[in-house]
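K.L.:
Could you look at this predicted model? Sequence included:
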Amino acid sequence: MTSPASPASHPFTVGFDLDMTLIDSRPGIKATFEVLAAETGTFIDAAAAVTRLGPPLEQELAHWFPEERVAEMADRYRAMYPTYAIEPSPAMGGAREAVESVRALGGRAIVVTAKYEPNARLHLTHLGIEPDAVIGSLWAEAKAVALREYVARVYVGDHVGDVRGARTAGALSVAVPTGPCPAPELREAGADVVLADLTELPAWLERYVGTHLPAAVAQEA
């Protein structure tokens, strides 16, 4: 895990999930699963797999491989991922602007994802999205480890697992129904705020900072 800068130097930190929050990784993940299927001679319904994004890779591989082969296949998938998954996967609408809006308000933006961290970094670099830190291989409640370390006040994600991670960390859960979980499911899981998509985040964040953090932001400015 990347060592955080001093929390005192940032009036607030906002965390973001990656898959289906900042990036639409479905094309790249589908392509990688198809290559893995061809290489191993194993049937993988890649179209179904990309409807379940969020949980760790091993959970999806367990649908297609016996338990004793899952770790091996996860390593192989991650090794081929940069070749097949990075270029086809676009940013979600408003992703760059959402991350930049945190910094424009004097804050710090971090990405906390279940994805293998080196591959997460490749996606962000390719798309020109520049968070202050990237922390990988954390899912659901385990995301609270990084969110607490970076003293995140807000965590933005698309999955009920992201909601659980935010709530475990004591952060405000902001959800976008751009992944596999519809808005009612996110609300039922405990999301504090549900936006239509990331294009709504900069305006919401400006209101949130103005209401909750005016003194801290003024001091930073």
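P.N.:
Cool, got the structure.
K.L.:
Can you pull out the residues in contact with the lengthiest helix in the chain?
P.N.:
The residue-count maximum for a helix in the chain (DSSP state H) belongs to helix 67-84. Contacts with helix 67-84, where a contact means Cβ atoms under 8 Å, 6 or more residues apart in numbering, come from 28, 31-33, 35-36, 39-40, 57-58, 61-62, 65, 116, 119, 122. For every residue, glycine as well, the C-beta is placed using N, CA and C.
K.L.:
try 7 Å
P.N.:
28, 31-32, 35-36, 57-58, 61-62, 65, 116, 119, 122 (Cβ atoms under 7 Å, 6 or more residues apart in numbering).
K.L.:
ok, and the most crowded of those?
P.N.:
Highest neighbour count within the contacts of helix 67-84, by other Cβ atoms under 10 Å: T32, with 27 neighbours.
K.L.:
now the host helix or strand of it: mean pLDDT?
P.N.:
Assessed by DSSP states H and E, T32 sits inside helix 26-40. The average of the pLDDT scores along helix 26-40 is 98.
K.L.:
same check, this time on stretch 140-157
P.N.:
Taken as a whole, stretch 140-157 has an average pLDDT of 97.
K.L.:
With stretch 205-219 instead?
P.N.:
Averaging pLDDT along stretch 205-219 gives 74.
K.L.:
Please pick out the residue of this protein most distant from its centre.
P.N.:
Residue farthest from the centre of the chain, counting by Cα atoms, centre = their mean, is G41 at 30.9 Å.
K.L.:
ok, so what distance separates it from W64?
P.N.:
With distances taken as Cβ to Cβ, to the nearest Å, G41 is found 11 Å from W64.
K.L.:
and if you look at P180?
P.N.:
With distances taken as Cβ to Cβ, P180 is found 18 Å from W64.
K.L.:
Repeat that for P177.
P.N.:
Taking Cβ to Cβ as the measure, P177 falls 27 Å from W64.
K.L.:
all strands of this protein, in order?
P.N.:
Along the chain, the stretches classed as strands by DSSP state E are 13-16, 108-112, 133-135, 152-157, 172-175, 193-194.
K.L.:
Just put those strands in CSV and tack on mean neighbour count.
P.N.:
Converted to CSV, the strands of the chain look like this (neighbours: other Cβ atoms under 10 Å):
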stretch, mean neighbour count
strand 13-16, 28
strand 108-112, 26
strand 133-135, 21
strand 152-157, 28
strand 172-175, 24
strand 193-194, 18
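K.L.:
Looking at the ones you listed, spot the one closest to G210.
P.N.:
Smallest distance to G210 across the strands of the chain (Cβ to Cβ): 13.9 Å, for strand 152-157.
K.L.:
Tell me the strands beside that closest one, with direction?
P.N.:
Looking at strand 152-157 with DSSP bridges, its partner strands are strand 13-16 (parallel), strand 172-175 (parallel).
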